[in-house]
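**Q** Compute the structure for the input listed below.
(one chain, ligands or ions: 1)
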Amino acid sequence: MTNSAATLEHFERQKNILLTSYRRVGTPVYTPVNIAVEGEHAFVRTWNTAGKFKRIRHHPTVEIAPSTVFGQRTGPAIRARARVLEGAEAVHAGQALDRKYPLLQGVLVPMIHRLGHYRTIHIELTPLDDLVGRTVLITGATAGIGRTAVIQLAQRGAQIIIVGRSEDRGRQAVADISAQSHNDQVSFLQADMGHLESVRRLAQVVRQQYPQVDTLVNNVAGLSPTRQETVDGLEATLAVTHLGPFLLTRLLVPLLEEKPIGRVVNLMSGTYRFGSLDPLTLEPSGPYRGFDAYMSAKLALLLTSLELARRTQGSTLRVLLADPGGADTDTLTVSLQPGMLSARMRLMATFFSLLVRRPGNLERAARSSVEAVTSTDLMSGDYLKANTRPSQIARVAQDAAFAQRVWAASNRLVGLPDDLRVSETLFSTQE
Ligand SMILES: NC(=O)c1ccc[n+]([C@@H]2O[C@H](COP(=O)([O-])OP(=O)(O)OC[C@H]3O[C@@H](n4cnc5c(N)ncnc54)[C@H](OP(=O)(O)O)[C@@H]3O)[C@@H](O)[C@H]2O)c1
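**A** Numbering: from 1, shown residues only. You can find the predicted model right below:
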């Protein structure tokens, strides 16, 4: 495993490198190869039946280290993403290798490939350790979109703390994520995000044990088919989807604001635009229906995120919204249960669920969260869709006066003062 900052500089003059690729089960395979470096990209050549080519196609994260011609490692390894090149990009990579090794790669290797009737393959390697030094706390990442996003962030070197309700599921998720990302800086904290005392305890543990956290991803959401009340007397869908994340955010803002790149990333759902809520209770009017409560909770989360962005203007903290689009997860399954949706929404949701059940849907859905955590170009308040570009927020969430009322109600419901600048000790449990 590696955790040093990535650069290809010390590979530029290197004749041979040790390439580590991984079998499906995660076992490493080491191969010495030639490498040509161009800025932040490196190129290697192989052939279509080579084991490393097959392994890289299944698992594009590799490690590279300087080595002798026989594969004896001579320097530190870095993590990189491998991409198989086609067309003009492959020709370009081939020329770079031919220039660096005129006899070996320019003449001998292509000749061997031709004689063996192999197809020559060019692979680009890009360093992946750009998140070394970053620490991401993410709720609800034992499964679904959060888990997929976390694997990608861990592959790029971030330290990760995942939050979920079950120690067992947490332990299993940490083992799986570490194995798939080859990053051992993954840990788990147990908390129920719908239980305010549990959220306060979580914030306290984070402040004491992980003061280096620079990014909070509120990925968790809850959907309850019938109206349930939490131990705090709050409607459960609202509590898990909005109030728990809201409380955690407020308790961690002082910590995040100290960081040069502090971030809060809140997971959205495009359905917020159908949400409607009472600015005092934050619940929709009329008889309870699970998906209405979810859409309204997402609207409340969006309004308070934008209010937080306004209140932290001028600080280094960025508040970002990540909309995953859709993915085939437990949340989607629960939302299709009887009693969750009106007849019209049910029709739309059934069609939507068929659309999102495509291979790679989780990876696509995780894109907006990964981009929100990693991009340096975003402004506080930006709303990212799965295409990872900031997009327009619907009018229902643009009313700043309404956002202030929802901010005030959210504070009242979680027992906090309105003012963001009030000392955190006022609302912490005994530390
Ligand atoms: N899936 C979609 O189509 C879709 C579309 C739009 C937006 N989104 C949003 O994307 C985010 C992720 O959704 P998903 O579909 O990936 O969810 P998911 O697969 O259902 O995963 C939910 C995660 O939340 C955790 N969790 C649930 N209740 C919790 C609680 N009370 N306290 C702590 N953790 C809890 C679960 O962990 P444990 O069970 O281990 O606690 C699990 O890791 C959500 O914000 C959702 O609203 C999803």
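
**Q** how about the residues of the stretch 251-400 of the chain near the ligand?
**A** By the rule CB under 6 Å from any ligand atom, the part of the stretch 251-400 of the chain lying against the ligand is 267, 269, 324, 326-327, 329-332, 356. Using the backbone N, CA and C atoms, a C-beta is placed for each residue, glycine as well.

**Q** give me that answer again for 5 Å
**A** Contacts of the stretch 251-400 of the chain with the ligand, taken as CB under 5 Å from any ligand atom, map to 267, 269, 324, 326-327, 329-332.

**Q** Tell me which of those fall in strands.
**A** Mapping those onto strands (DSSP state E) picks out L267.

**Q** Dump the residues of the stretch 251-400 of the chain next to the ligand to CSV, plus neighbour count and pLDDT.
**A** Output for those, formatted as CSV (neighbours: other CB atoms under 10 Å; pLDDT from 0 to 100):
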residue, neighbour count, pLDDT
L267, 27, 98
S269, 23, 96
P324, 28, 95
G326, 22, 87
A327, 22, 91
T329, 20, 89
D330, 10, 86
T331, 20, 84
L332, 18, 83
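
**Q** In helices, which of the residues of the stretch 251-400 of the chain next to the ligand appear?
**A** Among those, the members falling in helices (DSSP state H) are 330-332.

**Q** quick revisit: tell me which of the residues of the stretch 251-400 of the chain next to the ligand is nearest to E229?
**A** Nearest to E229, judged by CB to CB, of these is T331 at 20.7 Å.

**Q** you'd agree the closest one is up against G140?
**A** No. Counting by CB atoms under 8 Å, T331 sits too far from G140 to count as a contact (9.2 Å).

**Q** what do these two both touch?
**A** Counting by CB atoms under 8 Å, 6 or more residues apart in numbering, the contacts common to T331 and G140 are A221.

**Q** Let me see the contact set for E371.
**A** By CB under 8 Å, 6+ apart, the neighbours of E371 are 322, 378, 384, 388.

**Q** What is the subsequent helix or strand relative to the helix or strand hosting it?
**A** Element membership of E371 [criterion: DSSP states H and E] is helix 361-374. Remark: after helix 361-374, the chain's next helix or strand is strand 383-384, criterion DSSP H and E.

**Q** helix or strand right after that following strand?
**A** Assignment by DSSP H and E places the next element after strand 383-384 at helix 400-414.

**Q** Give me the buried positions along stretch 16-28.
**A** 16-22 (16 or more other CB atoms under 10 Å).

**Q** Can you lay out those as a markdown table showing pLDDT?
**A** As requested, the buried residues of stretch 16-28 are exported to a markdown table (pLDDT from 0 to 100):
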| residue | pLDDT |
| --- | --- |
| N16 | 95 |
| I17 | 96 |
| L18 | 96 |
| L19 | 96 |
| T20 | 94 |
| S21 | 93 |
| Y22 | 88 |
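
**Q** okay if I get those as CSV plus distance to the ligand?
**A** Converted to CSV, the buried residues of stretch 16-28 look like this (distance: CB to the nearest ligand atom, whole Å):
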residue, distance to the ligand
N16, 43
I17, 37
L18, 36
L19, 33
T20, 30
S21, 29
Y22, 25
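
**Q** can the residues you listed go into JSON lines with extra columns for distance to L251 and secondary structure?
**A** Output for the buried residues of stretch 16-28, formatted as JSON lines (distance: CB to CB, whole Å; DSSP: H, G, I helix; E, B strand; the rest coil):
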{"residue": "N16", "distance to L251": "51", "secondary structure": "strand"}
{"residue": "I17", "distance to L251": "46", "secondary structure": "strand"}
{"residue": "L18", "distance to L251": "45", "secondary structure": "strand"}
{"residue": "L19", "distance to L251": "45", "secondary structure": "strand"}
{"residue": "T20", "distance to L251": "41", "secondary structure": "strand"}
{"residue": "S21", "distance to L251": "42", "secondary structure": "strand"}
{"residue": "Y22", "distance to L251": "39", "secondary structure": "strand"}
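
**Q** picking that back up, out of the residues of the stretch 251-400 of the chain next to the ligand, the closest to F70 would be?
**A** Closest to F70 out of those is A327 (45.2 Å), distances taken as CB to CB.

**Q** Is it correct that that closest one is in contact with R364?
**A** Yes. A327 is in contact with R364 according to CB under 8 Å; the separation is 7.5 Å.

**Q** for H41, what are its contacts?
**A** Going by CB under 8 Å, 6+ apart, H41 touches 8, 124-126.

**Q** out of those residues, who has the most neighbours?
**A** Of all the contacts of H41, the highest neighbour tally under other CB atoms under 10 Å goes to L125, namely 27 neighbours.

**Q** Parallel or antiparallel, which strands does the one helix or strand that one maps to pair with?
**A** Assessed by DSSP H and E, L125 sits inside strand 120-127. Using DSSP bridges, strand 120-127 pairs in its sheet with strand 41-47 (antiparallel), strand 78-84 (antiparallel).

**Q** average model confidence for the first one?
**A** Think strand 41-47. Averaging the model's pLDDT scores along strand 41-47 yields 97.

**Q** Could you shift the numbering so residue one becomes 23, and keep it that way?
**A** Taking 23 as the first residue, the last one we looked at is strand 63-69.

**Q** Beyond it, next helix or strand please.
**A** Of the helices and strands lying after strand 63-69 in sequence (DSSP H and E), the nearest is helix 73-80.

**Q** Tell me which residues of that next one come out buried.
**A** For helix 73-80, a neighbour-count test (16+ other CB under 10 Å) marks 74-75, 77-78 as buried.
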